[in-house]
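A.B. asks: Pasting the sequence and the predicted coordinates here, then a few questions.
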Amino acid sequence: MSSTSVETQTESASTTLKLRGATDAQKYQEEYRYSHLLPVFSQDHYPPLTPFEHHDPGRRALNHPNPRSFLDSATSVTELTPNLGTEVHGINLRALDSDARDQLALEVARRGLVVFRDQQEFIDAGPDFYREWGSHFGRLHIHPTSGHPQGYPEIHLVYRDANSSFNFEIEDSITSTVWHSDVSYELQPPGLTTFFLLSQPTTGGDTLFTSQVSTLKKLSPQFVAFLKTLKAVHSGIEQANFSRSGKRGGIVRRDPVEHVHPLVRRHPVTGEEALYVNRQFTRRILGLKREESETLLRFLYDHIDKGGDVQARVHWTPNTVVLWDNRVTAHSAIVDYGESKERRHGARITPQAERPIPALDGLELSSDQ
Ligand SMILES: O=C(O)CCC(=O)C(=O)O
Ligand SMILES: [Fe+2]
């Protein structure tokens, strides 16, 4: 499997300009409703992230007499699958106050994934609002390599259009499916994540999700007990190298890091335990011989790949906004729309959360890991 990233499926507008004739390209972009949100690859360099104390917004909703009251005015609330995902119609996310946002965080933690339709007001509110929205849920992450709208490094973009050639990384693979939990190499990886498409192909370009709580539950208690004793290295090095190779925007804004996380992590609010490995960033299990680590990780990735019974698939109708809890789910883009040459332009708001908490009867991580 290629070590490159679905998160790297980002094309710079400037590359697009080079690929088209300059005049045609400018016209194409100028006529675009969201041209102010096209990706740029600033050369800014940032110092390492510093640790911070995360106060989970979902916890604040735990004492609420009805922590689902923010859904009271919804016209429909439908479970996408028994274990993962809810689809909501009739709620205006843009209008949610602080209390309702806390409830939302708890709902997303419980369901893993919540899909809100008809959110034009939210999407059109623009990048200052996106930042304010995300900051409610945690400190905003700046991606080390992806494109962002001019002046808004906290907004991670995915982008592809008629002439972009960003998907080299999957040309040598039999699939575009790369399950991952975003930037799991950080000491404090993201929690409640918001993602939406500003433009979507007519068909294709769906996003896959899986419940890592459910993938863990499928395993035998004896095996889970063993997994709970383990921790693994997650690395941002390959993603940085991929960017440096020039296949993406070519920038690395922060020196890549590696961090050690438990294989099974516990959600700070729901207490649910989830498998926390992903093919994209997890590299090796500490304390095992190389072959043991490789075999075990391969088994777990294979288990995640095959888990159709705990997965959900989001189809992007216009003005859909999706929230997922990056601590207890994994996701993958689906790149099946190349032939149509249609534009696909997405934005992600990525608040960091706590350092992964080990399972209750699992290992204790020492502070220097
Ligand atoms: O483009 C997608 O469907 C998902 C992209 C992704 O993995 C991300 O932005 O975290
Ligand atoms: Fe992702």
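C.D. replies: All right, it came through fine. Residues are numbered from 1 along each chain as shown. Ligands and ions are numbered 1, 2, ... in the order given.
A.B. asks: Count the neighbours of the closest residue to Phe70 other than its chain neighbours for me.
C.D. replies: Nearest residue to Phe70 in three dimensions, chain neighbours excluded: Ala100, at 3.9 Å (C-beta to C-beta, 6 or more residues apart in numbering). C-beta: built from backbone N, CA, C; applies to glycine. For Ala100, the tally of surrounding residues (other C-beta atoms under 10 Å) stands at 16.
A.B. asks: Look up how far ligand 1 lies from Ala100.
C.D. replies: 25 Å (C-beta to the nearest ligand atom, to the nearest Å).
A.B. asks: Asp302 too?
C.D. replies: From Asp302 over to ligand 1 (counting by C-beta to the nearest ligand atom), the distance is 20 Å.
A.B. asks: count of residues packed around that residue?
C.D. replies: With other C-beta under 10 Å as criterion, Asp302 counts 11.
A.B. asks: And for Gly346?
C.D. replies: 22.
A.B. asks: SS state for the residue nearest to Phe70?
C.D. replies: Recorded secondary structure, Ala100: helix (DSSP: H, G, I helix; E, B strand; the rest coil).
A.B. asks: how near is it to His143?
C.D. replies: 28 Å (C-beta to C-beta, to the nearest Å).
A.B. asks: now the helices: where do they sit in the protein?
C.D. replies: 13-19, 22-30, 57-61, 98-111, 120-124, 127-135, 168-171, 212-217, 221-227, 237-244, 290-306 (DSSP state H).
A.B. asks: Pro189 is nearest to which of the ones you listed?
C.D. replies: Closest to Pro189 of those is helix 212-217 (C-beta to C-beta; 12.5 Å).
A.B. asks: Give me the buried positions along that closest one.
C.D. replies: Across helix 212-217, burial judged by 16 or more other C-beta atoms under 10 Å covers 212-216.
A.B. asks: same for the longest strand anywhere in the chain, what does it pack against?
C.D. replies: Ranked by residue count under DSSP state E, the longest strand found in the chain is strand 192-199. Contacts defined by 3 or more C-beta pairs under 8 Å, 6 or more residues apart in numbering; DSSP states H and E place strand 192-199 against helix 98-111, helix 120-124, helix 127-135, strand 321-325, strand 344-349.
A.B. asks: CA-only coordinates of it in CSV, if you can.
C.D. replies: Output of strand 192-199 as CSV, limited to C-alpha atoms (Å, rounded to 0.1, in the frame of the first residue of the first chain):
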residue,chain,number,x,y,z
LEU,A,192,-14.7,16.5,16.7
THR,A,193,-14.0,17.2,13.1
THR,A,194,-16.3,19.1,10.6
PHE,A,195,-16.0,18.4,6.9
PHE,A,196,-18.0,19.6,3.9
LEU,A,197,-17.8,19.9,0.2
LEU,A,198,-18.1,23.2,-1.6
SER,A,199,-18.4,21.4,-4.9
